[in-house]
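[1] What follows is a predicted protein model with its sequence.
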Amino acid sequence: MTDGEKDNAGMMTPPRLIYGAGLLTGLGFDFLWPLPLLPDRSQYLVGFIMIGMSGALVAWLLHPSAIRELKRSARCGRNLP
């Protein structure tokens with residue numbers, strides 16, 4: 001690459017606008033044409049499972065050995081795989 005060339009991905013729109021447009025489109029469809037994805041009882045079960053899994057992920061990431069490894073890698077100047 002020469003000095004005169006730009007170093008970018010060549011996207012016409014920023015990624016956050018693409019994400020926002022998709023999100024607003026989905027919310028618009030949900031407002032205009034709501035569809036139940038799961039039966040009434042099972043949606044609560046799936047929701048509680050997802051909340052539990054996210055809590056387990058946070059607990060795993062805040063575990064002292066994980067924090068120690070992240071600090072050690074930052075001191076060494078290396079990236080984790």
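    Arrived safely.
[2] How far away from the center of its chain is the lowest-mean-pLDDT helix or strand in the chain?
    The helix or strand of the chain with the lowest confidence, counting by mean pLDDT, DSSP states H and E, is helix 64-76 at a mean of 77. A distance of 22 Å separates the centroid of the chain from that of helix 64-76, by Cα atoms, centre = their mean, to the nearest Å.
[3] for stretch 13-32, same thing?
    Its chain's C-alpha centre and that of stretch 13-32 lie 15 Å apart, by Cα atoms, centre = their mean.
[4] For the protein, which segments count as helices?
    Here the chain has its helices, by DSSP state H, at 15-32, 40-61, 64-76.
[5] and of these, who's closest to A9?
    Closest of these to A9 is helix 15-32, at 9.0 Å (criterion: Cβ to Cβ). C-betas here are computed from N, CA, C, even on glycine.
[6] Low-confidence regions, the protein specifically.
    1-8, 77-81 (pLDDT under 70).
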